[in-house]
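Student: build the 3D model from these lines:
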Amino acid sequence: MSKNIAVELVVQRTEELAPRLRRVILGGPGFEDFAERDIDATDKYVKLAFLRDGFDYPEPLDLAVVRETMPAEARPILRTYTVRWVDLEARELAIDFVVHGDEGLAGPWAAQAKPGDRIHARGPGGAYAPKPEADHHLFIGDESALPAIAAALERLPSGASATAFLEVDGPADQLRFSTVADLDLRWLHRAPSHPGTTDLLDAAVRGWTWPQGRVQAFVHGESALLKTVRPYLLDGRVDRADLSVSAYWRHGVTEEGFREWKSTQADAVMRPSS
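Tutor: A predicted model of the protein is given here:
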């Protein structure tokens, strides 16, 4: 199957994980095609394709064909989301959505999703996975990074050393993680401040006693992390090959504005080398 074909998945059920975080479990006949393309990356993502009303789309949905043959106003709107887990036996996968009321496109869709609803997904893609040779694993992020960080913590082996700095609104937004690693978990509460307006993560990391040995770092979330935490880590603390950085959103701009900004940034995403 072409990598440009977005498979159709069906909502099986939903779960409320926290006030701002909702899980949508997907399956259906299209799961078999997804499973054939599945990869081993821990930070695994798909492009969700939201179809526009009033247009007839080809089946299967080949996004390359759509781009070449349909007008711009007919092309599906794409949003990138982490795959929280894949269950091959149950033929299901889960995606966690940060919900901001009526703001955005994917969040409101997830908030209203019900069994039987359909969505198309292209992918998966991904590159990051915890390196067993690292002496310490460092995770830094906000709500948008929680699915990827949770997946990575589950992958860490028994005895692995890890620290996670995670910014959320308050105690109600804290999640329980399943891991056998030796984890130092530090929740940072920003309320009443708004997401993307604090320096909590940067201050916490800079005030942390740096561990000895080789550190692998995963830094994902609001775009300010690119200008604050990232240069601090790259200043002799983390080797470039051991750093995964990605801006998921940008405070004060719409999703479209963020994507436009991101397209102008040569370093909005830094992937670790294998």
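Student: so which bits of stretch 148-161 are buried?
Tutor: Buried residues in stretch 148-161, defined by neighbour count with 16 or more other Cβ atoms under 10 Å: 148, 149, 150, 151, 152, 153, 154, 155, 156, 160, 161. Bear in mind the C-beta positions are built from the backbone N, C-alpha and C, glycine included.
Student: how much space separates the closest residue to the fourth one other than its chain neighbours from residue 186?
Tutor: Once its chain neighbours are removed from consideration, residue 151 has its nearest residue in residue 42; the separation is 5.3 Å (Cβ to Cβ, 6 or more residues apart in numbering). Per Cβ to Cβ, to the nearest Å, residue 42 is found 21 Å from residue 186.
Student: so between these two, which is more surrounded?
Tutor: In this view residue 42 and residue 186 are compared by other Cβ atoms under 10 Å, and residue 42 has more residues nearby, 23 against 16.
Student: pLDDT at that one, what is it?
Tutor: As predicted, residue 42 sits at a pLDDT of 88.
Student: and what of residue 273?
Tutor: For residue 273, pLDDT reads 66.
Student: re the thing from before, of the buried residues of stretch 148-161, which belong to helices?
Tutor: Filtering these for membership in helices, criterion DSSP state H, returns 148, 149, 150, 151, 152, 153, 154, 155.
Student: look at the closest residue in space to the third one that isn't next to it in sequence and give its secondary structure.
Tutor: Using Cβ to Cβ, 6+ apart and skipping the chain neighbours, the partner closest in space to residue 150 is residue 177 (5.5 Å). Using DSSP: H, G, I helix; E, B strand; the rest coil as the criterion, the local structure at residue 177 reads coil.
Student: pretty sure residue 50 is touching residue 109, no?
Tutor: Yes. Between residue 50 and residue 109 there is a contact at 7.0 Å, judged by Cβ atoms under 8 Å.
Student: any common contacting residues for the two?
Tutor: residue 119 (Cβ atoms under 8 Å, 6 or more residues apart in numbering).
Student: low pLDDT regions in this protein?
Tutor: 1, 268, 273-274 (pLDDT under 70).
Student: find the centremost residue of it, please.
Tutor: Central residue of the chain (Cα atoms, centre = their mean): residue 82, 3.7 Å from the mean position.
Student: any idea what that one is bridged to?
Tutor: Bridge pairing for residue 82 (DSSP bridges) gives the partners residue 45.
Student: what of residue 269?
Tutor: Under the criterion used (DSSP bridges), residue 269 bridges to residue 246.
Student: just to check, residue 22 is in contact with residue 112?
Tutor: No. Applying Cβ under 8 Å, one finds residue 22 not in contact with residue 112, separated by 9.9 Å.
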